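**Q** Need a 3D model of the following:
(one chain, ligands or ions: 2)
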Amino acid sequence: MNENNDYYGILGVNHDASPEEIKKAYRHLARQLHPDVAGDSPEAEEKIKDVNRAYDVLSNPDKRRQYDLGADPLGPGGTAGFEGGFAFPQGGFGDIFESLFHAATGGGRPAGPASRQSRGRDQLEACSIELKEAVFGSSRDLKLSTFTGCERCSGSCCEPGTSPVKCQACGGSGQVTRVVRSLLGNMRTTSPCPTCQGFGTVIEHPCSECAGTGRVRTTKTVSVKVPAGVGTGTRIRVPGGAEAGPGGGPNGDLYIEVRVKNDPDFQRDGDDLHCLLKVPMTAAALGARLQVETFDGTQDIQVKPGTQSGEVVTLDGLGVGRLHRKDRGDLKVHIQVLTPKPADDSERDLLRQLAKLRGEEVPEAQMASSGGVFGRIRDKLAGK
Ligand SMILES: [Zn+2]
Ligand SMILES: [Zn+2]
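**A** Numbering: from 1, shown residues only. Ligands and ions are numbered 1, 2, ... in the order given. Presented below is the predicted three-dimensional model:
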């Protein structure tokens, strides 16, 4: 037995498969191999022939018995009883036709003419904002190239004073039915009426403003409220902000995808902001009150005596506004102590004196752990 005659194998069923299982397997394959699904190829055509032969034998108790006894009821070549292998086996497959028919015409679309009115498509626009806008939220006016409803015809698509008339070609049903020959036999297919495009009516006097579409191309400005806390990739939805639908249909939704620009002074980590403040060594050693420019204006910060590079002063609530909440993250000011480079001999002498006072003429270096707060934050900001 060559593989073309392995009818159980072709249908993918066991030798003891029940008639129901065989029918089920066949229906499954028939759907898979339908030209609308599998495309029109010689391979698919061959497969359909095989599947039809296998089903013809295994669905018929007499033929199946013969086949099980080692004979091929279809004879050498296995095409007996078939004309080109395109036709369905005899009898009782109305349900298969039915299911294929539905698959071919898009399933459960209700019969009857289509509406000219449909919803406008959604639109996606990009918008770059400053970090400060993400901190506080902002409002943006965006120019959109889109459609708005036609004022002349109010979306009816007809010249004022006229209305659509019933399509003569389809009698107003919007559909035409024809019989086509396919690999699986003759099939009735229903398709939208080409005269009225499936609408069931014809517009004899299309609106001169919108050419009978019910909407016109335009540029409109949409005000978008950018909430505090948005980040790069956040999408803001503006319901009804996109194009008007054809035939007076409702607007689609506008989506704004946000990109937050990098800021030269502040880095963002979630809802917190980080900045680096360079502090003279003397101020770090003696302690000082310093001013730092933030998004909330100038803020005083207290640098305590003996502050080290990498220490962080936290300004509570001066970070990024949390999305859809009232509170904000924090601003973390990272202190960088500036080591003085002596400008002249007197400065050098003073530093030497200081070193002597502190017993540091022969300096002892200490190994610093690479961890710690600054290390962790530095790594986090670097995306490690
Ligand atoms: Zn119009
Ligand atoms: Zn028609």
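**Q** and Thr146, how many neighbours?
**A** Residues within reach of Thr146, counting by other Cβ atoms under 10 Å, total 22. Any C-beta I mention is one placed from the backbone N, CA and C, and that applies to glycine too.
**Q** Now do the same contact list for it.
**A** For Thr146, the contact set (Cβ atoms under 8 Å, 6 or more residues apart in numbering) comprises 123, 217-220, 242-244.
**Q** now with 10 Å?
**A** Counting by Cβ atoms under 10 Å, 6 or more residues apart in numbering, Thr146 touches 120-121, 123, 125, 215, 217-220, 222, 241-244, 251-252, 254.
**Q** Please report how far it lies from ligand 1.
**A** Note on Thr146: its distance to ligand 1, by Cβ to the ion, to the nearest Å, is 16 Å.
**Q** give me the element that residue is part of.
**A** Thr146 is part of strand 138-149, with elements assigned from DSSP states H and E.
**Q** Please enumerate residues in contact with the next helix or strand after that strand?
**A** Helices and strands here follow DSSP H and E; after strand 138-149, the next one along the chain is strand 165-166. Contacts with strand 165-166, where a contact means Cβ under 10 Å, 6+ apart, come from 113, 158, 172-173, 196, 200-205.
**Q** How far does the strand holding Thr146 sit from its chain's centre?
**A** In terms of Cα atoms, centre = their mean, to the nearest Å, the centre of strand 138-149 is found 21 Å from the chain centre.
**Q** Put the alpha carbons of it into CSV.
**A** This file holds the C-alpha atoms of strand 138-149, laid out as CSV (Å, rounded to 0.1, in the frame of the first residue of the first chain):
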residue,chain,number,x,y,z
SER,A,138,0.4,69.7,30.7
SER,A,139,-2.0,70.4,27.9
ARG,A,140,-1.1,70.2,24.3
ASP,A,141,-2.7,71.3,21.1
LEU,A,142,-2.1,68.7,18.4
LYS,A,143,-2.7,69.3,14.7
LEU,A,144,-4.3,66.3,13.0
SER,A,145,-4.8,65.5,9.4
THR,A,146,-8.2,63.7,9.6
PHE,A,147,-11.8,63.7,8.5
THR,A,148,-14.7,65.6,9.9
GLY,A,149,-18.4,65.1,9.1
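**Q** Let me know the average pLDDT across it.
**A** In this model, strand 138-149 carries a mean pLDDT of 94.
**Q** How about the contacts made by the residue in the stretch 251-384 of the chain positioned nearest to ligand 1?
**A** Among the residues of the stretch 251-384 of the chain, Asn251 lies closest to ligand 1, at 16.3 Å counting by Cβ to the ion. Contacts of Asn251 were listed using Cβ under 10 Å, 6+ apart, and they are 119-123, 146-149, 215, 238-245.
**Q** same thing with Val230?
**A** The neighbours of Val230, taking Cβ under 10 Å, 6+ apart as the test, are 127, 129, 133-134, 137-138, 236, 256, 258-260, 320-321, 323.
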